[in-house]
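> Provided below for reference: sequence and predicted model.
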2 protein chains.
Amino acid sequence: MLKLSKLASSIVNPRSVASFSTMNPSRIITRSAIFTEHGNPSDVIKVKEVDLGDLPSNKVALKMLISPINPSDKNQVQGVYPIKKVKSVLTIVDSKTNSRTETECYVGGNESIAEVVEIGPDAGESGNGKVNVGDWVIPMSTGDVGTWTTDAFADPSSLVVVRNREGLTPEQVGSVRVNASTAYRMLKDIVSLNKGDYVIQNGANSGVGQVLIQLAKLWGYRTINVVRDRDDFEEMEKFLKGLGADIIIKEDQLNSDETKAMMKALDAPVRLGINCIGGKPSVLMTKYMANGSYFATYGAMSKLPTSIPASTFIFKDIRFVGYWVSRWYKLNPVEKWVEMWDELFDYMRQGKLQYQVMEPVDWVTRNPGKDGSTASVTPVDIEALEARVAASMDSGKKQYFRYY
Amino acid sequence: MLKLSKLASSIVNPRSVASFSTMNPSRIITRSAIFTEHGNPSDVIKVKEVDLGDLPSNKVALKMLISPINPSDKNQVQGVYPIKKVKSVLTIVDSKTNSRTETECYVGGNESIAEVVEIGPDAGESGNGKVNVGDWVIPMSTGDVGTWTTDAFADPSSLVVVRNREGLTPEQVGSVRVNASTAYRMLKDIVSLNKGDYVIQNGANSGVGQVLIQLAKLWGYRTINVVRDRDDFEEMEKFLKGLGADIIIKEDQLNSDETKAMMKALDAPVRLGINCIGGKPSVLMTKYMANGSYFATYGAMSKLPTSIPASTFIFKDIRFVGYWVSRWYKLNPVEKWVEMWDELFDYMRQGKLQYQVMEPVDWVTRNPGKDGSTASVTPVDIEALEARVAASMDSGKKQYFRYY
């Protein structure tokens, strides 16, 4: 059984990496979103060409397909995320003069889906066996080196190969490691639910929330979904109902008489609460939860703490826990990861599970062929790309970097 | 196996009770601390003589020995405690005119130690077997009828007999049901501690806190005790060290550099946090707790909620639970209660466990004999008693009612 702690996590160490544009054919050059100091992401993130040198004999060369842009990634750039990045010394290439400068900096991003394009002669096995050129791989660790880069070199032992990607897009594969797995595990690991039990969650329209609704439906549980009011509320409500949401409550209606009456009339207990918001509305959810139930926090979009009165602990016996899927990955062998991911991929192939639709931020220009699909890609002007990446840092929309 | 839920809890129902002073020999009269409306305890609590009638054939007559005066008892009088009392219709006797008035009211108090003085001919067994005159009994439930009364009738099935009271005082026996058992169970039930592990608790000088220090010492754990600064701090520190406290920290020093350095140097993890205070200092304790540890709240003396940042849940994986020993009693058979109590009584007999010293508020005048011990007791003037009881409601000291 391979455990993550035993595996060197050298994915996407830009000191080691594969070529996006080879200014000099004997050197490998990638484009990376880097920053040298913490600060406002759209100000401090720069896109640079980085000289990676030749592929080390014990590594594999990766071409990135997609990387999510997570709130936690932005928090890391700001320097306010509890998990800190480690600086690397990169050889930055001035794209005009072709001069090289050694620069100590961070590479943004923590997740990616990549394709293996070359294998060093001494490269070993991946976390789940042999690696082949053309394989899609998922990094095992959301490590401290960055994924917002077109190319990278990686130690194969830090990668998991997607053995059956038939019928899947990079976007589908990319949703599995954090969002889908977080929802999956929270429904499985926190409390043993019975068919028909209710789960109450806030942030129900988030990437995790959408998957949780669908998995709960598939597994026979019911969901009460708390969402903030918004202009397109009816549209979102319809969308979440389409995913399988049983009940939808506006956050500001959590304490209304109507909500109280509805919750009182439920024919099954609310045995699990799921919180990614924090603050007062998250505590209000506990009013509707059964004695002895569990309340799990996996995020804090409001940045507010959850303030719990003693009576909720003592008399309602609600147990408050955190959920961090990275901990699950640390404590479980890769075989278990792959088993879960394959189950999720099957749901996707069967049309039972859709991932949260996000807007792509393209690092390349996609040239359509005659049938409308992408026939070829060409590089974007690097200054235009940097502006695009900076804009994505300020965007309130759910976006991801698309490199293919 | 007898479970509490199956047992009628009719202890100290003043509608049914034994005689303190028999104004009319054919009727049984008790003195009770009653209130008709919620309010400031020293204003609304009155001491009245209550006509209890004759002992019903299926009940036993009890003479109260002691009753604690808990903060939760006072909160019930104020009407702010989540567990509400139920009103009874009592026959109140005017001690001057001997006239009787049927009055709907509450009797204060929830706990007591009593002696069985008479057994109705059809009375059944106690929660743990046969009852005899002279037995000391502990009510099984801190029920919704009151214990602040000199005499009471009770259904024997709602009582547990102390089978071996040799060498024990009513005060020792009286400390076991709530305080000592809460400390005992929190050390046993929340997380499996290893020898040498640290437990951090606030309110360390409370009745529960003092027992927890001593049991932790007996069982090989170590305690970090957080207490508020006060004039007699050194004295209290010495006292707690004498009980076995390993480390004592003033609440306002919880975040000091000195405390941080000391906690960093601990040679074992802090795997359990115990909180009866709430508010900011309670959350500060979690800074020193190990990842994956448990934080249990059993009280909220500050009346403030515990405000928990998401990172404490997610990254530190601290699990926040409540502890209410009443729940344990509900879920476990009386045999288990008696087993625990006997263990605690043994520690007391062996001088290994002392209960929190409290100040008695006497309902009788104790007349010393020639050797200095109490030779006889005589009733206190009822108005003087009422003033004494009212004063106890306002007292900041830890007090209990002594009826013997």
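Yep, that arrived.
> where does A:Arg319 land on pLDDT?
We have a pLDDT of 98 for A:Arg319.
> How about A:Phe313?
97.
> Then the one 10 residues further on?
For A:Tyr323, the model assigns a pLDDT of 98.
> residues touching it, list them.
Counting by Cβ atoms under 8 Å, 6 or more residues apart in numbering or on different chains, A:Tyr323 touches A:182, A:185-186, A:189-190, A:296-298, B:313-314. No exception for glycine: its C-beta is placed from N, CA and C like everyone else's.
> Now with 10 Å, please.
A:Tyr323 is in contact with A:182-183, A:185-186, A:189-190, A:208, A:274-276, A:294, A:296-299, B:313-314, B:317, counting by Cβ atoms under 10 Å, 6 or more residues apart in numbering or on different chains.
> what's the answer for A:Pro68, then?
Applying Cβ under 10 Å, 6+ apart, the residues contacting A:Pro68 are A:109-113, A:147-148, A:171, A:174-175, A:177-179, A:207, A:358, A:398-401.
> 8 Å - rerun?
With Cβ under 8 Å, 6+ apart, A:Pro68 has these contacts: A:109, A:111, A:174, A:178, A:358, A:400-401.
> ok, so what distance separates it from chain B?
From A:Pro68 across to chain B, the span is 18 Å (Cβ to the nearest Cβ, to the nearest Å).
> now do A:Ala290
Distance, A:Ala290 to chain B, by Cβ to the nearest Cβ: 14 Å.
> Now render the contacts of A:Pro68 as TSV, adding neighbour count and distance to chain B.
TSV is the format used below for those (neighbours: other Cβ atoms under 10 Å in any protein chain shown; distance: Cβ to the nearest Cβ, whole Å):
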residue	neighbour count	distance to chain B
A:Gly109	25	20
A:Glu111	22	17
A:Gly174	25	22
A:Val178	20	13
A:Met358	18	23
A:Tyr400	21	23
A:Phe401	25	25
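> Now the two most distant members of those residues.
Across the contacts of A:Pro68, the longest distance by Cβ to Cβ is 15.1 Å; it joins A:Val178 and A:Phe401.
> Tally up the residues packed near whichever residue of the stretch 151-300 of chain A sits closest to chain B, please.
Going by Cβ to the nearest Cβ, chain B is nearest to A:Ala300 of the stretch 151-300 of chain A, at 3.3 Å. By other Cβ atoms under 10 Å in any protein chain shown, 22 other residues sit near A:Ala300.
> So which of the contacts of A:Tyr323 are in strands?
Counting by DSSP state E, the contacts of A:Tyr323 place A:274-275, A:294, A:296-297 in strands.
> Can you add distance to B:Ala33, pLDDT and neighbour count and give these back as TSV?
Below are the ones in strands among the contacts of A:Tyr323 laid out as TSV (distance: Cβ to Cβ, whole Å; pLDDT from 0 to 100; neighbours: other Cβ atoms under 10 Å in any protein chain shown):
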residue	distance to B:Ala33	pLDDT	neighbour count
A:Ile274	47	98	31
A:Asn275	44	98	29
A:Tyr294	41	98	21
A:Ala296	45	98	22
A:Thr297	44	98	27
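> check these against chain B, which are close?
Restricting the ones in strands among the contacts of A:Tyr323 to those near chain B by Cβ under 8 Å from any Cβ of the partner chain leaves A:296-297.
> follow-up on the earlier one: can you say which of the contacts of A:Tyr323 are buried?
Using 16 or more other Cβ atoms under 10 Å in any protein chain shown as the burial test, the contacts of A:Tyr323 include A:182-183, A:185-186, A:190, A:208, A:274-276, A:294, A:296-299, B:313-314, B:317 as buried.
> Excluding covalently adjacent residues, which one is nearest to the residue of the stretch 151-300 of chain A closest to chain B?
Computed as Cβ to Cβ, 6 or more residues apart in numbering or on different chains, the closest residue to A:Ala300 that is not its neighbour in sequence is B:Ala310, at 3.3 Å.
> my guess is A:Arg319 meets A:Phe295, correct?
Yes: the criterion here is Cβ atoms under 8 Å, and A:Arg319 meets it with A:Phe295 at 7.1 Å.
> quick one, which of these two is more surrounded?
A:Phe295 (24 against 18).
> which residues sit in contact with the more buried one?
A:Phe295 makes contact with A:272-273, A:275, A:285-286, A:289, A:318-321, according to Cβ under 8 Å, 6+ apart.
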